[in-house]
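Student: Following is a predicted model, sequence given first.
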Amino acid sequence: MAAAAAVFAWTPAFAQSSVTLYGAVDDAVTYVSNQKGHSNIYLRQGNLYASKFGLQGKEDLGDGTTAIFDLQNGFDTNTGALSSAGLMFNREAYVGLQNTRAGTLTAGRQYTPYYMFVGPLTGSSWLTGATGAHPGDIDGLDTTVRINNALVYTSPNWSGLQASAMYAFGGIAGSTGKGETYSGALRYLNGPITLALGYLRMDNAQQTAGFDTASTGSFGVSALNTGYVSAKAVQHVAAAGNYTLGNLVLGLSYSNVEYQAGARSLFGTTAVFNTYAALASYRFTPTFDVGGGVAYTAASKANGISSAARYEQYSLKEAYHLSKRTTLYALQAYQHASGQTLGANGAGNIVDAAPAVGDSQNGTPSSTHSQFVGMVGIATLF
């Protein structure tokens, strides 16, 4: 009995912990004026919100410190398939510690500070990534960029100012620097004004052609950048600001993306894409809001291209909230492309620029210079 009492006496008291199942299911009837030469009407998932489920957990360790984790997987509502073949938690999978005074440190597959701070101030958040992300999501301000093997530190909020930094280990034996990723961002919130500045660089492991899958970073490929996927590195810089006046939100953003040429790239001169964008969102009632935006992307003259590509996009969103969790929505977007860019074979493969609305048509660009997308859908959170 004395031995048993001693065992119970030394049993540690477990801290309070919780695990939450969460996610979103989203689907819409979609019309596209041109997908590789033909119009199409189909069901498309993940428009207002990405269809996903996740497990989020935390344990209170005391003295303001909490252990946290998040495992998040995307799926196709219409087929049940994983969003990324072979990846169970393709969106996020990380674990870490959070302290009210020291900040948060996490490790695993994560979104970048560049996206986490700047993205919420742009069209990909206010107008949806499907039709409101900048053309082809060329600047990665929607969720197309995810990083493996990453450490992320995010500071506490210092009187409205917050900072975050990421480093992702290349992890290739004998060449540990290959394929690594760096990102950093600052955010400032003061009353009606929110400002953010972000940086991201993804290095190519370059053990095979294209952007090697051994690289820690990955990004969306569309008609805009298909000729530059073999870059030795991809660098993003972006700044954005929102101003809130009652029920009205106004936003401006700018981004610069470089596809840097290297010895194993299929192109010889660094390609640059600059995007300028503006948005407005207005909540008429607690249950009904609308938004609109315009984005203009200009590519540089490089790699034998004399008439550089230009992309103009106009986006609208209407949302009616049946409850805090369930929303009916309509989306419309139009994009026009002009000039020339590189095709998938790189230098020498000069082609007419093709539009790809938001990031909903990255794999299905138009065969003409214009593309229209319209959607009517429903989304529910859990």
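Tutor: Structure received. Numbering: from 1, shown residues only.
Student: all helices for the protein, in order.
Tutor: 2-10, 113-118, 123-126, 129-132 (DSSP state H).
Student: other SSEs contacting the second one?
Tutor: So the one you mean is helix 113-118. strand 161-168, strand 181-190, strand 193-203, strand 233-245 (3 or more C-beta pairs under 8 Å, 6 or more residues apart in numbering; DSSP states H and E). For the C-beta atoms, the positions are set from N, CA and C on the backbone; glycine is no exception.
Student: now do 10 Å
Tutor: helix 123-126, strand 146-154, strand 161-168, strand 181-190, strand 193-203, strand 233-245, strand 248-260 (3 or more C-beta pairs under 10 Å, 6 or more residues apart in numbering; DSSP states H and E).
Student: Of these, flag the one that's most buried.
Tutor: Among the helices and strands packed on helix 113-118, helix 123-126 has the highest mean neighbour count (mean count of other C-beta atoms under 10 Å), at a mean of 26.
Student: by contact count, what packs against it?
Tutor: Helix 123-126 packs on helix 113-118, helix 129-132, strand 233-245, strand 248-260, strand 271-285, strand 288-299, strand 310-321, going by 3+ C-beta pairs under 10 Å, 6+ apart.
Student: Please tabulate those in CSV, including the columns mean pLDDT and distance to V351.
Tutor: Below are those laid out as CSV (pLDDT from 0 to 100; distance: least, C-beta to C-beta, whole Å):
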stretch, mean pLDDT, distance to V351
helix 113-118, 98, 29
helix 129-132, 97, 24
strand 233-245, 98, 20
strand 248-260, 98, 16
strand 271-285, 98, 14
strand 288-299, 98, 13
strand 310-321, 98, 14
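Student: what sits against S124?
Tutor: 115, 118, 130-134, 137, 139-144, 253, 277, 293, 358-359 (C-beta atoms under 10 Å, 6 or more residues apart in numbering).
Student: Equivalent analysis for Y115, please.
Tutor: Counting by C-beta under 10 Å, 6+ apart, Y115 has contacts 122, 124, 139-147, 183, 185, 198, 200, 236, 238.
Student: S51 now?
Tutor: Residues counted as contacts of S51 (C-beta under 10 Å, 6+ apart) are 23-27, 45, 73-78, 83, 379.
Student: Now a ChimeraX select for only the buried ones of the residues you listed.
Tutor: Those of the contacts of S51 that count as buried under 16 or more other C-beta atoms under 10 Å are selected in ChimeraX with:
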select :23,24,25,26,27,45,73,74,75,77,83,379
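Student: N34 is nearest to which of the helices and strands packed on helix 113-118?
Tutor: Closest approach to N34 among the helices and strands packed on helix 113-118 (C-beta to C-beta): helix 123-126, 21.7 Å.
Student: average pLDDT across the closest one?
Tutor: Average pLDDT, helix 123-126: 97.
Student: cool, stretch 150-167 as well?
Tutor: Per-residue pLDDT over stretch 150-167 has a mean of 98.
Student: CA atoms of that stretch as PDB?
Tutor: What follows is stretch 150-167, C-alpha atoms only, in PDB (Å, rounded to 0.1, in the frame of the first residue of the first chain):
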ATOM      1  CA  ALA A 150      10.400  25.000 -42.000                       C
ATOM      2  CA  LEU A 151      11.000  26.800 -38.800                       C
ATOM      3  CA  VAL A 152       8.800  29.900 -38.200                       C
ATOM      4  CA  TYR A 153       9.100  32.500 -35.400                       C
ATOM      5  CA  THR A 154       6.300  35.100 -34.900                       C
ATOM      6  CA  SER A 155       6.700  37.800 -32.400                       C
ATOM      7  CA  PRO A 156       4.100  39.000 -29.900                       C
ATOM      8  CA  ASN A 157       2.100  42.100 -30.800                       C
ATOM      9  CA  TRP A 158       4.200  45.200 -29.800                       C
ATOM     10  CA  SER A 159       1.700  48.100 -29.700                       C
ATOM     11  CA  GLY A 160       0.300  47.100 -33.100                       C
ATOM     12  CA  LEU A 161       3.600  46.000 -34.700                       C
ATOM     13  CA  GLN A 162       4.400  42.300 -35.300                       C
ATOM     14  CA  ALA A 163       7.200  40.500 -37.100                       C
ATOM     15  CA  SER A 164       7.700  37.000 -38.400                       C
ATOM     16  CA  ALA A 165      10.600  35.000 -40.000                       C
ATOM     17  CA  MET A 166      11.000  31.600 -41.600                       C
ATOM     18  CA  TYR A 167      13.900  29.400 -42.600                       C
END
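Student: distance between that stretch and the chain's centre?
Tutor: Mean-position distance between stretch 150-167 and its chain equals 18 Å (C-alpha atoms, centre = their mean, to the nearest Å).
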